[in-house]
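A.B. asks: could you look at this predicted model? Sequence included:
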Amino acid sequence: MKLIRMDEKSVNDFWQLRQQLFEELNESEFLKNKQKLENATKEFYLSHINKELVSWGVTNENKLIASSSLCLFERIPYQENLTGKEGYILNIYTCPKYRKQGIASQLLNEMMTYAKQNQINRLWLNSSDDGKSLYKEYGFIEKSNEMELFL
């Protein structure tokens, strides 16, 4: 197995794993608008990869079997993060056949190393129930004060 930094050539593999993730999570909205989401995802990926979006993958025999992404942004600095640089972790996914082999940990380590090297002082994510123990192991803490509004 080989850890890779994904690029424009990875767009279709990126989409395939993201699609599998949505299917496993039974995202009903995904099933209704699958083609629109695929088009929007690929367009976003190609426009932002290795700029505001950094993605890693793990391959086995040249097939992508796991991936993760870090969406980068800056906000006004605050006491806990004087650089204002933040990274939102999303779409950590490993194909079922390869789970429980430390691949998600390897991807998370790679993202954390990248963040430290680039003075990204805050990482955050929304976790599935299955992923919570891994993130807690790395020091992530649950916060319940977030609110959201779709317009």
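C.D. replies: Sure, I can see it. These numbers were taken from a predicted model, which means no experiment stands behind them.
A.B. asks: so where's this structure uncertain?
C.D. replies: 28-31 (pLDDT under 70).
A.B. asks: and the strands in it, which stretches?
C.D. replies: For the chain, the strands defined by DSSP state E occupy 2-5, 53-60, 63-74, 85-94, 122-125.
A.B. asks: quick check: the gap between the residue located most distally from the centre of the chain and Trp15.
C.D. replies: Most distant from the centre of the chain: Gln79, at 25.9 Å, with distances by CA atoms, centre = their mean. Applying CB to CB, to the nearest Å, the value for Gln79 to Trp15 is 39 Å. C-beta here means a position set from N, CA and C on the backbone, and glycine is covered the same way.
A.B. asks: how about Lys136?
C.D. replies: Applying CB to CB to Lys136 and Trp15 gives a distance of 30 Å.
A.B. asks: looking at these two, which has the bigger crowd around it?
C.D. replies: Trp15 (16 against 12; other CB atoms under 10 Å).
A.B. asks: quick one: residues contacting that one.
C.D. replies: 38, 41-42, 45 (CB atoms under 8 Å, 6 or more residues apart in numbering).
A.B. asks: do the same with Leu90
C.D. replies: Contacts of Leu90 (CB under 8 Å, 6+ apart): 68-71, 125-126.
A.B. asks: equivalent analysis for Thr59, please.
C.D. replies: So Thr59 contacts 1-2, 4, 65 (CB under 8 Å, 6+ apart).
A.B. asks: quick one on the thing from earlier: can you list phi and psi of the residue farthest from the centre of the chain for me?
C.D. replies: When read as degrees, to the nearest 10, the backbone of Gln79 gives phi -50, psi -40.
A.B. asks: how far away is it from Arg122?
C.D. replies: Counting by CB to CB - Gln79 and Arg122 are separated by 12 Å.
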